[in-house]
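Sequence plus predicted model, see below.
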Amino acid sequence: MADDQERESFKPETINGIFKASWKDSGTRSNQQAVLLSCEFLRLFTTEAIHRSAEQVTDTDENTINAEHLERSLTQLLLDF
């Protein structure tokens, strides 16, 4: 799909760096496919968070998404994922 290459996502280098920073054993390594799947998961999670926050905005008749809208939808989002 052409859309797959054009959509925004997390950079694998950034996600791998976050993984490395959180591992206690410095010898731990990550598989490139695991990093790519983690990037896709984070992209989907972020997209869903934005969509649910947008629903909160329409319920309150406001025009912009702010942290309060995200906080309202975050609990159920975390349970769903």
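Everything's here; your move.

use CA for all of it now, contacts and neighbours both
OK.

residue boundaries of the helices in this protein?
2-6, 12-22, 32-60, 67-80 (DSSP state H).

Columns mean neighbour count and mean pLDDT on top of these, output as CSV?
Shown next, in CSV, are those (neighbours: other CA atoms under 10 Å; pLDDT from 0 to 100):
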stretch, mean neighbour count, mean pLDDT
helix 2-6, 7, 55
helix 12-22, 14, 93
helix 32-60, 15, 92
helix 67-80, 13, 90
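
Need phi/psi at the residue of the chain most remote from its centre.
The outermost residue of the chain, judged against the average C-alpha position, is Gly27 (26.5 Å), by CA atoms, centre = their mean. Here is the backbone geometry of Gly27 (degrees, to the nearest 10): phi -90, psi 0.

Spit out the contact partners of it.
Applying CA atoms under 8 Å, 6 or more residues apart in numbering to Gly27 gives no contacts.

and it, how far is that from Pro12?
Distance, Gly27 to Pro12, using CA to CA, to the nearest Å: 19 Å.

do the same with Ile18
10 Å.

Can you report phi and psi for Asn66?
With angles defined as degrees, to the nearest 10, Asn66 sits at phi -130, psi -180.

could you measure it against Gln56, distance?
10 Å.

Then Gln32?
Gln32 is 36 Å from Gln56, by CA to CA.

Equivalent analysis for Asp80, please.
Going from Asp80 to Gln56 by CA to CA gives 17 Å.

check contacts around Lys20.
Lys20 neighbours (CA under 8 Å, 6+ apart): Ser26, Thr28, Arg29.

Considering those, which possesses the most neighbours?
Within those, most neighbours by other CA atoms under 10 Å means Arg29, with 11 neighbours.

Quick check: closest non-adjacent residue to that one.
With sequence-adjacent residues excluded and distances taken as CA to CA, 6 or more residues apart in numbering, Arg29 is closest to Lys20, at 7.8 Å.

thinking again about what came up before, reformat the contacts of Lys20 as a markdown table; add distance to Ser38 and pLDDT.
Shown next, in a markdown table, are the contacts of Lys20 (distance: CA to CA, whole Å; pLDDT from 0 to 100):
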| residue | distance to Ser38 | pLDDT |
| --- | --- | --- |
| Ser26 | 20 | 81 |
| Thr28 | 16 | 87 |
| Arg29 | 14 | 88 |
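
That's all I had, so thanks and see you.
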